[in-house]
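Trainee: sharing a sequence plus its predicted fold:
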Amino acid sequence: MHKILLVEDDSEIVARLTEFLNSEGFSIKNAMGQKDALAMLAEEAFDLVLLDISLSDGNGFAVCKAIKADYGLPVIFLTASDDEYNTVTGFELGADDYISKPFRPRELVSRIKNILRLTGGAGSTIRLGSLTVDTVRGTASKNGHDLYLSALEYRLLLVFLNNRGAVLSRARLLESIWDIAGEFVNDNTLTVYIKRLREKIEDDPQEPSIIKTVRGLGYRVDL
């Protein structure tokens, strides 16, 4: 299911679009303004952004510029401002499409599917706070700096991030990383790799805030 961030401060439009796009198989999150949008993008991975130009605490052009610079996500402008200046400015900032209000919902869905087909969406990027994992390039970074993870550390991190909110037992973790290891991975080896991973991703490995120990059960990464 593709995940879309709708940046729009008109509650009526948000309610209608969310209901319709959910019925078409999309997952929708809403941000009311520039600040909320950038905060949500830093915490969650999205496949596409639907963006209004006129926002309560800024403008869509600034948000689009930040999205393209920091996340590379496809952006579709939804706006009543359909004059030539706004259209050209939007495309110059990297917008992938531009739809004037009022618009036909099914036309919007068609445009969304077309953009996702062309760009592949953003499912290749997983974010958690200051951590970013690019599953296409196979890289992980923290605050923009490469973590230089080994293959097994990288796989272990992916297992945690793809199961956020769930408690993972040591047996489950061993099962998940077995295929990628070039050598036998036992319980003691798992302990070593979790320790190494924490040293690279945690601000304080002695008091981990990302990979938390659930005593007697295993480990958990919160949502």
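Mentor: Cool, got the structure.
Trainee: next SSE downstream of the helix-or-strand element of the chain with minimal mean pLDDT?
Mentor: Scoring the helices and strands of the chain by mean pLDDT, DSSP states H and E places helix 84-92 at the bottom, with a mean of 68. As assigned by DSSP states H and E, the chain's next helix or strand after helix 84-92 is strand 97-100.
Trainee: and the spatially most central residue of the chain, how far from residue 13?
Mentor: For the chain, the residue nearest the mean C-alpha position is residue 45 (0.9 Å; CA atoms, centre = their mean). Using CB to CB, to the nearest Å, residue 45 is found at 24 Å from residue 13. Where C-beta positions appear, they are placed from N, C-alpha and C, glycine not excepted.
Trainee: residue 147 now?
Mentor: Residue 147 sits 40 Å away from residue 13 when distances are taken as CB to CB.
Trainee: what residue ranges in the protein score low on pLDDT?
Mentor: Applying pLDDT under 70 to the chain flags residues 81-87, 90, 118-124, 135-137, 178-185, 223.
Trainee: what segments of it are helices?
Mentor: In the chain, the helices defined using DSSP state H lie at 11-23, 34-43, 60-70, 84-92, 105-119, 151-161, 170-177, 187-201.
Trainee: please state the offset of the fifth one from the chain centre?
Mentor: Taking CA atoms, centre = their mean, to the nearest Å, one finds the center of helix 105-119 at 19 Å from the center of the full chain.
Trainee: and for that helix, what's in contact with it?
Mentor: Contacts with helix 105-119, where a contact means CB atoms under 8 Å, 6 or more residues apart in numbering, come from 2, 4, 16-17, 20-21, 24, 26, 47-48, 50, 74, 76, 78, 96-97, 99.
Trainee: which of those count as buried?
Mentor: Neighbour-count burial (16 or more other CB atoms under 10 Å) applied to the contacts of helix 105-119 gives 2, 4, 17, 21, 26, 47-48, 50, 74, 76, 78, 96-97, 99.
Trainee: now render those residues as CSV, adding distance to residue 127.
Mentor: CSV is the format used below for these (distance: CB to CB, whole Å):
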residue, distance to residue 127
2, 16
4, 16
17, 24
21, 22
26, 19
47, 13
48, 15
50, 19
74, 16
76, 21
78, 24
96, 20
97, 24
99, 27
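Trainee: out of the residues you listed, which comes closest to residue 221?
Mentor: For those, the minimum distance to residue 221 (CB to CB) is 21.3 Å, reached by residue 47.
Trainee: relative to residue 5, how far out is the closest one?
Mentor: Note on residue 47: its distance to residue 5, by CB to CB, is 9 Å.
Trainee: overlap in contacts, the two.
Mentor: Shared contacts of residue 47 and residue 5 (CB under 8 Å, 6+ apart): none.
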